[in-house]
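Peer 1: Sharing a model that was predicted from the sequence below.
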Amino acid sequence: MSGFNRHPWLKWEQIEKFLGQKLPFGEKGQTFLDNMTWVEGYVQDMLKKAMPVMDANVSSHDSFGAEVFETHEHVIIKVKVAKDEDPRALRVFVKSNQLKLSGFLNGKSRIVKMPTLVLPRTARVSYKQRQLQIKVRKRGLKENYIESYIRY
């Protein structure tokens, strides 16, 4: 049986159309299913196109200059505060997925999205040399059950 007839349920034309290229059949007498070495290259190429390039050691910057990076156990956000801002007027609010800064002279609040879920009650905020630093513990993958009581 040839490669096309061995598996009549496979529609090669549809697969080639979906992949956007002709399927390589290798050496004479060899079928598509016998030589799958090209698949790894194709998958790697598609992943490179689909996913943005990210370096684990590079921190991300928010639109207003907040620097956000992760350690194994914490998310750290650093925000430079302008000279004309009053650091004592600033307020920091932490949710499990974002951070809200308020108290700026222009009256607007600033939102920073967290790269992962955090535990808001563990936030520690410090101000030093015109820089606000917020350190929040990441939420663990293993969470304990909390009992919810039944009302009767």
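Peer 2: Okay, I see it.
Peer 1: only C-alpha atoms for contact and neighbour calcs from this point on.
Peer 2: Will do.
Peer 1: Report the next helix or strand after the helix or strand bottoming out on mean pLDDT in the chain in sequence order.
Peer 2: The helix or strand of the chain with the lowest confidence, counting by mean pLDDT, DSSP states H and E, is strand 60-61 at a mean of 51. The helix or strand immediately downstream of strand 60-61 is strand 66-70, counting by DSSP states H and E.
Peer 1: Residue ranges in this protein under the pLDDT threshold?
Peer 2: Applying pLDDT under 70 to the chain flags residues 1-10, 12, 22-36, 38, 51-64, 142-143.
Peer 1: domains of the chain?
Peer 2: Domain assignment for the chain by automatic domain parsing gives 8-50, 60-137.
Peer 1: want to throw the ones you listed into CSV with distance to residue 148?
Peer 2: Below are those laid out as CSV (distance: least, C-alpha to C-alpha, whole Å):
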stretch, distance to residue 148
domain 8-50, 42
domain 60-137, 20
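Peer 1: which ones are touching residue 101?
Peer 2: 90, 91, 92, 93, 109, 110, 111 (C-alpha atoms under 8 Å, 6 or more residues apart in numbering).
Peer 1: all strands of this structure, in order?
Peer 2: 60-61, 66-70, 74-80, 91-94, 98-102, 110-113, 124-128, 131-137 (DSSP state E).
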